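**Q** just to be clear, the model below is a prediction. Sequence and coordinates:
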Amino acid sequence: MNKYEVLFSDIFEKTESGEIKWRQIRKDAHSDLIFNPNLSYRQYSGTYRKNDETYEVVFVEKKADDPEHDFVYEKYIPEILVIGEGNELLVTLTDSVIDRSEMINLVKEIEETNDKTKKLLD
């Protein structure tokens, strides 16, 4: 596994264990850090701890017209941002470095355990 896959795996495991508590935030939050923020339709945020450091981890869900299908269909674009002190973007994980199916599994876990959905489903 490369260093990005290790980071993703740690985020996933801490989500499953409940160590990272996710909450849904405004879809336009962090627009200064997100590439093409107008494509964002949902975001989740959580606190990620590693080596006595604390970071904000943000799962961004985007949709865009898909050029592979003559722009008739939309495609799903997941991104994970790791943000440090002073709102500094440290790492962006996309489906170019993490398998899209793994990112979808993470968002499913987040959807089931985030603050707003949990209230709805309980």
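**A** Structure received. Numbering: from 1, shown residues only.

**Q** hey, let's count contacts and neighbours off CA atoms from now on
**A** Will do.

**Q** which SSE is residue 120 in?
**A** helix 115-121 (DSSP states H and E).

**Q** also residue 63?
**A** Going by DSSP H and E, residue 63 is part of strand 53-65.

**Q** distance of the residue lying closest to residue 82 once chain neighbours are set aside from residue 81?
**A** Distances taken as Cα to Cα, 6 or more residues apart in numbering place residue 57 nearest to residue 82, at 4.6 Å, with adjacent residues excluded. According to Cα to Cα, to the nearest Å, residue 57 and residue 81 sit 6 Å apart.

**Q** what is the neighbour count of the residue nearest to residue 98 when sequence neighbours are not counted?
**A** Excluding the flanking residues, the one nearest residue 98 by Cα to Cα, 6+ apart is residue 5, at 6.4 Å. Neighbour count for residue 5, taken as other Cα atoms under 10 Å: 14.

**Q** which SS class is residue 5?
**A** Assigned by DSSP: H, G, I helix; E, B strand; the rest coil, the conformation of residue 5 is helix.

**Q** residue ranges of the helices in this structure, please?
**A** 3-16, 100-113, 115-121 (DSSP state H).

**Q** can you tell me which of those comes nearest to residue 91?
**A** Ranking the helices of the chain by proximity to residue 91 (Cα to Cα) places helix 3-16 first, at 8.7 Å.

**Q** mind giving me the packing neighbours of the closest one?
**A** In terms of contacts (3 or more Cα pairs under 8 Å, 6 or more residues apart in numbering; DSSP states H and E), helix 3-16 is packed against helix 100-113.

**Q** now the helix it packs on: buried residues?
**A** By neighbour count on 16 or more other Cα atoms under 10 Å, the buried set for helix 100-113 is 100, 103-104, 106-107, 110-111, 113.

**Q** I am finished for the moment; much appreciated.
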